[in-house]
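Asker: sequence first, then the predicted structure:
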Amino acid sequence: MLLALAATALVALALLSDLIVPRLDDLWGRWRARRQRAPTWSYDPGRDRRAEQRARAPLRSCVNEEEWAMYRDLGLLRVWGTLADGPEDAGGTGGAPYAYIIYPHRPIIAYLAQTHRLLNEYCVTFPDETRPYGSSRLPDSDDVLAKWMALTGDERRLIATANMHLPGRQLDPAQVRRDLWRLSQWERARMRQLAGGDGTTTPPDRQSAA
């Protein structure tokens, strides 16, 4: 009798093992997965500063001396427009000179040079695919350089492909006009110093360009 019960139990255990063993393996795998640490990146707080310092060298090598001094002192770049009648989506400028202001990680602003009337905002982005921290932002100087190269290389194409908005969509027009005033003051001071034989520039009190 006992021998028959033992044989029956062994047969039942063999049949149940096909169901029990996979379940145990699954539970064991889940337990081990919970015990393992997810890979993490150790954040380096000085990385952004070092990246910006490295990014300034290519920008300085591409722009001219005046543009580099402008960006160094004011945190922005001006690029003169080259289209005969200005950007088409701005309704034309009637031949009046116009220019663009380039900010780091902000829209490009088109404006009339003589009156400082703002024309349009042009939103373009140049993501950094190499960063491991989940951020797509280039260093400030790299972003400015990318916009400068795109604008000076093919102005018509850039403004045709950018997201165009009327002034004030993302940047406060009053802030932009203050920056244009700072730029005009900076240019006057630079001209006086160059005329006096001093190649250095002492800019007005620097305000945030953003």
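Answerer: Yep, that arrived. Numbering: from 1, shown residues only.
Asker: for the helix or strand residue 50 falls within, which helices and strands make contact with it?
Answerer: Using DSSP states H and E, the element containing residue 50 is helix 47-62. Helices and strands touching helix 47-62, by 3 or more C-beta pairs under 8 Å, 6 or more residues apart in numbering; DSSP states H and E, are helix 65-74, helix 140-153. No exception for glycine: its C-beta is placed from N, CA and C like everyone else's.
Asker: okay, buried residues for the helix or strand just after the last one please.
Answerer: Right, the one you point to is helix 140-153. Sequence order places helix 155-161 as the next helix or strand after helix 140-153, per DSSP H and E. Judged by neighbour count (16 or more other C-beta atoms under 10 Å), helix 155-161 contains these buried residues: 155, 158, 159.
Asker: residue 53: which of those residues is nearest?
Answerer: Taking C-beta to C-beta as the measure, residue 53 lies nearest residue 158 of these, at 27.3 Å.
Asker: now for the residue nearest to the closest one when sequence neighbours are not counted: which residues touch it?
Answerer: Counting by C-beta to C-beta, 6 or more residues apart in numbering, residue 158 lies nearest to residue 150, which is 4.8 Å off, once chain neighbours are set aside. Residue 150 makes contacts with 124, 157, 158, as judged by C-beta atoms under 8 Å, 6 or more residues apart in numbering.
Asker: I figured the first one hits residue 147, correct?
Answerer: Just to be clear, that refers to residue 124. Yes. The pair formed by residue 124 and residue 147 meets the contact definition of C-beta atoms under 8 Å, at 6.4 Å.
Asker: please identify which of those two sits among more neighbours.
Answerer: Ranked by neighbour count (other C-beta atoms under 10 Å), residue 124 and residue 147 place residue 147 first, with 26 against 16.
Asker: mind checking pLDDT for the more buried one?
Answerer: Note for residue 147: predicted pLDDT of 93.
Asker: if we can go back for a sec, buried deepest among the helices and strands packed on helix 47-62, which one?
Answerer: Highest mean neighbour count of the helices and strands packed on helix 47-62: helix 140-153, a mean of 20 (counted as mean count of other C-beta atoms under 10 Å).
Asker: that one versus helix 65-74: what angle between them?
Answerer: Helix 140-153 and helix 65-74 are oriented at 140 degrees to each other (axes from the mean of the first three to the mean of the last three C-alpha atoms, to 10 degrees).
Asker: quick check: angle from helix 140-153 to helix 47-62?
Answerer: Calculated by the same axes, to 10 degrees, helix 140-153 forms an angle of 30 degrees with helix 47-62.
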